[in-house]
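Asks: pasting the structure only:
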């Protein structure tokens, strides 16, 4: 078996040193993602066109070289950190976006930025709803890899709900197409959706066809405050039971609000500091928004302590600032954060709020929580001080208790981040032995040499024992 | 290896003769679906509860006995005909439906009838959109197996778009759950969607959680007529380009209209017999429908020869009768019908209309075509006389030409029916060798003994050479 050095050289002579980069700076930059868990690859491959992936994967498969596909690397889970070294395939160079304004479809390449897709769609009167908070940086390929969600999930759905076709490569270097640019497809097994959310372990996506929806002509933003978390959750349940579907329904618990208020040096509702809030946005045709607004206001009058509507886009932006500030401001409660993205079913919201209160007491840690109420996807932020071994141990125990609780309540250990390395200790809380065996069988069937993104999802990674590199990204919350 | 007779006896002694039926009448009834391709099974197993499937599959897997899951058997593709004999698992006994009106979810068992799910949802103010024409008979398990669509696909999506979690059994008899009753899930490979559309070849679904949408408060129905098919398609493209999304947008070509008119003994638009029509329905909140109606009428005035709105639900029903009559009435053009459910992208509509005209001429056959314009899913009905060998050969050649054409145009050989036995000759037009190999690898990984619904999808079945049984079903078009 030739060494990885000699195979890399042979690939380099085939594709050139601009595409196959082996200098230390390029390799270091590709050695970690937002998880800051770093593993040095032997080369970074930056294809300029789709076809260049065929020889990369063909050679890697032949010689058993690990290949980790990546976009911008905004994942917090370590899904794009090349755990086993080998080659990193950086897809940022494939970033074309073409909107079909008649069919309401976007034809995009894996490296296209999500916000750029949204802007291109909007320019044609269409809307691409999935919007992870890193959308100004992250790529659609990464969003497909972890089935990213965002604030619009409750009404519109997540990445999976908007992908109607994929192109890309099997780990063997064979080109494949899953689905066509039509909204119905029922011919053969659905490997398109098997790829979505598989974190680059079953194939390398190069192209996607995305479904768009007509751009909402009108929006209406309302901020509401509540006595406590249980009241906020109870109110939300009443809203959904009335079949009102806000485009966005963001919750901030009292701790998140305190963070935002201290960062903004103001009180969101005068005289009511530290109250949990729900920030709602209606979207749709002008008539639809007008109709639903009346329902929403009557709900707010009945259930909320206070409410405030935005009269202009600027006022709406000011309300959204509350939501955006809270995440970074949490670092006043600890210099390290475990940002979990669990889901719980609607009917478990109140028991879950009670569980969190208990967890705060038993762990002695601040656990500000916010998230997407309409799809049960809550971001539970466990804050601790890295230098304090007692706090580290408490955080480790708290996240374990959290994961066990959400699964017991019928929820999920991840709603939109994926597993990567960071959540591997919890996969078996979610999935039975039979389920994990089935997934691993599928992995072995499609990637018999195990070259694609090895070490992720199924192998337990001891994230607590692994040092993190010092690096800062423009999308970091702090 | 014990004989299938002795294994069946051992299962019967375990579950009882009411659940494991071996009398000839029961076996004959389970020997075919709506394709009327019949293969005698050794037993029909009718579980009353989910857990009874575990020993069935465990034994079948141990002894290599084929197992074909079925619901009501409305599939035209032969997906539920037990091609390799063995055991048929009839899931009609598992038919519970529970609506969660707060979360907007339906918890259903595989044997639940689709129309019953719609009615239960409607009673709680919610709506389940997928609506295959057999919805008063077919089961949700069957709909999941073939990723069924229907008339609402363009705006709302197909079965896959509404399934958020599945429970069921692996071919080994192990119970598994894919997904939770929440709208976001990103933990592990997505075997839920791999099961959807896999025609009972990868697992047996027993339970599903379905997403519902708020029931539309208002509807508006408009029938429009056009000079010819090209004008109708051009008009539809203009409507979609204006981002109007009707809940239903059904097209009938002139031949389908002639069938409906002769069956109804009237002309749809007085003085304009045999004109292609598009039947549209808007749905949504009262305000939304009012707003879109104005757009729709202005479009109709510009593009249609004539248009007629329904003023009442009864008038709307009368308009829908046109659509319902056309399919059965086609048998005046031949005693046999190949009902294909291909898809073509919007931009290929006009070339496709021209291709169909040529195909009619070259084959000498009547090929009335109707379907779902908003998702490109057209039902191309190739009519011929069974007793005429020349017509049979022409029909066989015509369907081959059709499948090659739709794939060349960027469409699919099946939008909502699946492959089963009837479409196996065409799977390789849609999928490359690498794609088929990947699908077969997944099949072998999850079902190493190949017991689940063998002989389907990948093995070419010579449907033309196989006799069909004489049987009539309440959902037959004739």
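Replies: Received it, and whenever you're ready, just let me know what you need. Values in this document were obtained by computation on a predicted structure and should not be read as measured data.
Asks: got the end-to-end distance for stretch A:297-308?
Replies: 10 Å (C-alpha to C-alpha, to the nearest Å).
Asks: so who does the nearest residue to residue A:149 once chain neighbours are set aside touch?
Replies: Distances taken as C-beta to C-beta, 6 or more residues apart in numbering or on different chains put residue A:416 closest to residue A:149, at 3.5 Å, once the chain neighbours are dropped. To be clear about C-beta, it is placed using only N, CA and C from the backbone, and glycine gets the same treatment. Contact analysis of residue A:416 by C-beta atoms under 8 Å, 6 or more residues apart in numbering or on different chains lists A:132, A:146-150, A:153, A:158, A:341, A:377, B:184, B:186.
Asks: and residue A:416, how far is that from residue A:111?
Replies: When distance is defined by C-beta to C-beta, to the nearest Å, residue A:416 is 20 Å away from residue A:111.
Asks: before we move on, what about residue A:454?
Replies: Separation of residue A:454 from residue A:111 (C-beta to C-beta) stands at 22 Å.
Asks: so how far is residue A:132 from the residue nearest to residue A:149?
Replies: In terms of C-beta to C-beta, residue A:416 sits 7 Å off from residue A:132.
Asks: which parts of the helix or strand of chain A with the lowest mean pLDDT are buried?
Replies: Within chain A, no helix or strand scores below helix A:313-329, which has a mean of 87 by mean pLDDT, DSSP states H and E. Across helix A:313-329, burial judged by 16 or more other C-beta atoms under 10 Å in any protein chain shown covers A:316, A:319-320, A:322-323, A:325-327, A:329.
Asks: which strands and helices sit next to the longest helix belonging to chain A?
Replies: Identified as the longest helix of chain A according to DSSP state H is helix A:389-408. Here helix A:389-408 touches strand A:336-343, helix A:349-363, strand A:377-384, helix A:427-430, going by 3 or more C-beta pairs under 8 Å, 6 or more residues apart in numbering or on different chains; DSSP states H and E.
Asks: please identify the most buried of the ones you listed.
Replies: strand A:377-384 (a mean of 25; mean count of other C-beta atoms under 10 Å in any protein chain shown).
Asks: return the distance of that one from the chain's centre.
Replies: Taking C-alpha atoms, centre = their mean, to the nearest Å, one finds strand A:377-384 lying 14 Å from the centre of the chain it belongs to.
Asks: and what of stretch A:434-442?
Replies: So, by C-alpha atoms, centre = their mean, the centroid of stretch A:434-442 is 23 Å from its chain's centroid.
Asks: okay if I get the buried residues of helix A:313-329 as a markdown table plus distance to chain B?
Replies: Formatted as a markdown table, the buried residues of helix A:313-329 follow (distance: C-beta to the nearest C-beta, whole Å):
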| residue | distance to chain B |
| --- | --- |
| A:316 | 22 |
| A:319 | 24 |
| A:320 | 21 |
| A:322 | 23 |
| A:323 | 18 |
| A:325 | 24 |
| A:326 | 20 |
| A:327 | 18 |
| A:329 | 25 |
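Asks: and the angle from the least confident helix or strand of chain A to strand A:336-343?
Replies: 120 degrees (axes from the mean of the first three to the mean of the last three C-alpha atoms, to 10 degrees).
Asks: any idea of the angle helix A:313-329 forms with strand A:377-384?
Replies: 40 degrees.
Asks: packing partners of helix A:313-329?
Replies: By 3+ C-beta pairs under 8 Å, 6+ apart, helix A:313-329 packs against strand A:218-225, strand A:248-252, helix A:254-264, strand A:277-284, strand A:369-372.
Asks: so residue A:308 sits against residue A:319, correct?
Replies: Yes: between residue A:308 and residue A:319 there is a contact under C-beta atoms under 8 Å: 7.5 Å.
Asks: quickly list what's touching both of those two.
Replies: residue A:223.
Asks: buried residues, the longest helix of chain A. List them.
Replies: Buried, per 16+ other C-beta under 10 Å, within helix A:389-408: A:391, A:394-396, A:398-399, A:402-403, A:405-407.
Asks: give me the neighbour count for residue A:312.
Replies: 9 (other C-beta atoms under 10 Å in any protein chain shown).
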